[in-house]
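Visitor: Pasting the sequence and the predicted coordinates here, then a few questions.
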Amino acid sequence: MPGTVHIVDDDASFRTALERRMRKAGYEVATYASAQQLLDRMPAESGPACILLDVKIPGLSGPDLQQRLAELGSTLPIIFVTGYADVRATVKAIKAGAEDVLTKPIMSEQLLPAVERALAHHQTSRGLKARLDELRARLARLTPRETQVFELVVQGRINKQIAQQLGATERTIKAHRHRVMEKMGVDSLAELVSMAERLDVLRRLSAGNGKAD
Amino acid sequence: MRIRGLIVCLIFVMLPAEAPAQGQRARSILFLDQSDLRGPFYYEIFRAFRQRIAADAQSHVTIYSESLDLSRFGGAAHEQSLREYLREKYRDRPIGVIVAIGTATLELVLRWRDELWPGLPVVFGLIDDNDLARMKTQPNITGGTVSLRVADAIRAARAVVPHLNGIVFVGDDWSRQVVFGHWREEIRTAAAGLQVTEFIGLPMDELRQKVEKLPDRTAIIYSAVYSDEEGGFYPPAVSLKFISKVANRPIVVAAETFLESGGIGGFVLQPEAIGIDAAVRAIRIIGGEAVSHIPIAPTNAVKPIFNWLQMERWNVGASDLPDGSEIRFREPGLWQQYRWQSALAVTVLLMQAGLISVLLHERRRRSDAEQDARRRLSELAHVHRQSIAGELSSSIAHELNQPLGSILTNAETAEFILEQPNPDLRELKDILADIRHDDLRASQIIGHMRSLLKRTPFELKDVDLNDVMREAFELMSAQAATRNVALYLNTAPGVLPVNGDSIQLQQVILNLLFNAMDAMTEIPFGRTIIGKTEIDGGKAVISISDSGPGLPAENPNGIFDPFFTTKEQGMGIGLSIARTIVQAHKGRIWAENQPEGGATFSISLPLLPR
């Protein structure tokens, strides 16, 4: 899969070697001497990409960069490269969502599949994210009343109950419900629930209800 | 002028008339002896005489002396000329006393007295009592007699030659001998029972040949040889030397001055006693004493004296000698001669030797200790370096991984390129260059590590302190990155030549860097180390500053003491080793807090002239 590999390493020689190898493997390559440089140039996620990050770079460390990227909403997968197998650092990186951890010196048999996997993963997550973004946009188009109706519907309430709860007629609720289905672009209740699931609406609601109870 | 001369003459003419008056004797002595005075025997008589006169006389006494040389010259004509000579020479000299040494002299003086020195008192010495008895005595004479018996000489010969059965007399013709002449008559009775040989009046060469081969159990009795019978004359002491050199038997002598010339000894005449006796008598007379009050008496001038060197040569023991014998030339041991001086000198020498050996020992011990200390320092420094290397090893492994990683990746890339249908050779060349570069980097890292681990003796060389500092910082860079410390180095331009052991200096710097990092572990951010080299006067100065909490407020230099530590797992030897190393470089290490916080460690070393 074509894609872009962002290499962050303070060792120029290693950077060059990796860059050369990645280009030969057919990837676009961008190199950075420090984590800060990468943040400053914040790579676009228009295509599949990943980051090859040296854990022990001076200044902002690898795990720090990972955290900052997450905060900035980046889905760029990060492959950590460490000088030696430090279990604690590896666990920490994996927990924070590292795509992979490779130990120097890196064999191509390990590196290339890892990069390939990361790019595929990014591709997927980029697709998911795009889908999610669309759903969120649809959700945002609902009126407050429609949002209320939507939330109650996906919790399995029937129109009568909703009408009762919101102090409206059953017919009015039916109309709201119809518009919600229309705006969210679904044909069935099942689809709507699945969408709510993806948007994390249900968990948010049950958490809110729990509090209320 | 003329008149005054005349008056002086008149006074002198009148003098002899007054001379006989008692108590107004002229304070002058005419000393006459029968020798040529250059021989040691007569010279010694005269010397003792003169010395005694000078010591005893109340006021100055003039001494005229004449050596009549009667052993070499004789006869009426000679006597006549001497008389005339003396008469003319002393015509105008008032004389108080005549001193006559030797029988021949006395005989002449007595013969001349009435004519030359009428009524003048005469003091004699060195007159054999037998000779005196034969002489017609005159009034106004006194003196000391000596008793020089051939029997004594034979007694001495028996003492030095056990079972003596022969004696050989060596001397000038008896008639010419002025001191020993009377022996001739004594021999027959004194030497009864002994085989007597007389080498009398022989030419020197013949004499020397004869004394070379004398039978055993024989002794030579030497009287005096003045002449070689071939027209040559010697002082008898010199003749004796010639003879004793070749003689195969011991030579008994009868004058003290012959002892040194090779005589074994005997009953010898002591010239000093003769001189003193005559002097004492002369002074009494000049002092106004009547000659009749000073009786003629024997001079105690003959004494058994022997020569130790000759005794040793002839194997004669001290117990063999006659009673009361004196032994000369026995080299008294230093100990006998200078007992307390020797004791002192020996003590001083011993003490000095002791002191020197103690000092040498101390020096040896000190140099041993110094060497030991140097060796221990080397060892301790080595152990410490090992621990530094241990601490560095993880970061060094990491650092080593960098070039190795690059090399691997580059190699794989190259393989990949080569698998392509049209390999890009230029790119391959670039890759190979990179591989070589990384390989060198790796071996450099290993080299540094190895030099740290190497056990090397302390060795001073000319090194560039800038280089040492740069290397240490480079070694430390990975460690610094791991520990999130920013490392900066600011070196003085050019080179900083110092005389040092680069490994140990580097060790000191690494130690300071580790300390600085350890000091900053609690600091959340902004961990910084700044290294600096500069020239300050004749010194090269290194400083390493950190941004940690700084040194303990009290006694900041106590940190250099052994076992001082602030670290939980520290041994407290790093800085004390550092100080020892720096001091071994004739340098100084110190620490201080910076006003803006953090500690600065500084080292100054003597700068070499460029």
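Guide: Nice, thanks for sending it over.

Visitor: pretty sure B:Leu126 is in a strand, no?
Guide: Yes. B:Leu126: assigned to a strand according to DSSP: H, G, I helix; E, B strand; the rest coil.

Visitor: so who does it touch?
Guide: B:33, B:45, B:101-103, B:146, B:179, B:269, B:274 (C-beta atoms under 8 Å, 6 or more residues apart in numbering or on different chains). For glycine as for every other residue, the C-beta is placed from the backbone atoms N, C-alpha and C.

Visitor: Residue ranges in the stretch 1-150 of chain B under the pLDDT threshold?
Guide: For the stretch 1-150 of chain B, applying pLDDT under 70 flags the ranges B:1-24, B:37-38.

Visitor: For it, which segments count as helices?
Guide: Under the criterion DSSP state H, counting those that start in this stretch, helices of the stretch 1-150 of chain B are mapped to B:2-18, B:40-56, B:76-89, B:103-116, B:129-134, B:150-160.

Visitor: now swap in chain A and tell me
Guide: A:12-24, A:35-41, A:62-71, A:87-95, A:108-141, A:144-154, A:159-166, A:170-184, A:189-198, A:201-212 (DSSP state H).

Visitor: Helix A:62-71 and the fourth one, what's the angle between them?
Guide: Using axes from the mean of the first three to the mean of the last three C-alpha atoms, to 10 degrees, the direction of helix A:87-95 lies 10 degrees away from that of helix A:62-71.

Visitor: residue nearest the centroid of chain B?
Guide: Centroid check for chain B by C-alpha atoms, centre = their mean gives B:Leu349 as the closest residue, at 12.2 Å.

Visitor: can you tell me how far that one sits from B:Val61?
Guide: 50 Å (C-beta to C-beta, to the nearest Å).

Visitor: what do you get for B:Ala442?
Guide: Per C-beta to C-beta, B:Ala442 is found 115 Å from B:Val61.

Visitor: which residues sit in contact with the residue lying farthest from the centre of chain A?
Guide: For chain A, the C-alpha farthest from the mean C-alpha position belongs to A:Thr169; by C-alpha atoms, centre = their mean, that distance is 41.1 Å. The contact partners of A:Thr169, taken as C-beta under 8 Å, 6+ apart, are A:Ala163.

Visitor: Could you pull up phi and psi at it?
Guide: Taking degrees, to the nearest 10, you get phi -80, psi 160 for the backbone angles of A:Thr169.

Visitor: for B:Arg208, same thing?
Guide: According to degrees, to the nearest 10, B:Arg208 has phi -60, psi -40.

Visitor: Pull the contacting residues for it.
Guide: Per C-beta under 8 Å, 6+ apart, neighbours of B:Arg208: B:242-243, B:246.

Visitor: got it, and B:Leu30?
Guide: Counted by C-beta under 8 Å, 6+ apart, B:Leu30 has contacts B:64-66, B:90, B:95, B:97-99, B:117.

Visitor: Which PyMOL command selects the buried ones in those?
Guide: Here is the PyMOL command that selects the buried residues among the contacts of B:Leu30 (16 or more other C-beta atoms under 10 Å in any protein chain shown):
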select buried, chain B and resi 64+66+90+95+97+98+99+117
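
Visitor: ok, so of the contacts of B:Leu30, who is nearest A:Ala12?
Guide: B:Ser65 (120.2 Å; C-beta to C-beta).

Visitor: May I have the beta-bridge partners of the closest residue to that closest one other than its chain neighbours?
Guide: Distances taken as C-beta to C-beta, 6 or more residues apart in numbering or on different chains place B:Phe31 nearest to B:Ser65, at 4.2 Å, with adjacent residues excluded. B:Phe31 has the following beta-bridge partners by DSSP bridges: B:Ser65, B:Val99.

Visitor: My guess is B:Phe31 contacts B:Val61. True?
Guide: No. In this structure, B:Phe31 is not within contact of B:Val61 by C-beta atoms under 8 Å, at 10.8 Å.

Visitor: When those two are compared, which one has more neighbours?
Guide: Between B:Phe31 and B:Val61, counted using other C-beta atoms under 10 Å in any protein chain shown, the more crowded position is B:Phe31 (27 against 20).

Visitor: Residue of the stretch 1-150 of chain B closest to chain A, please.
Guide: Using C-beta to the nearest C-beta, the closest approach of the stretch 1-150 of chain B to chain A is made by B:Pro40 at 109.6 Å.
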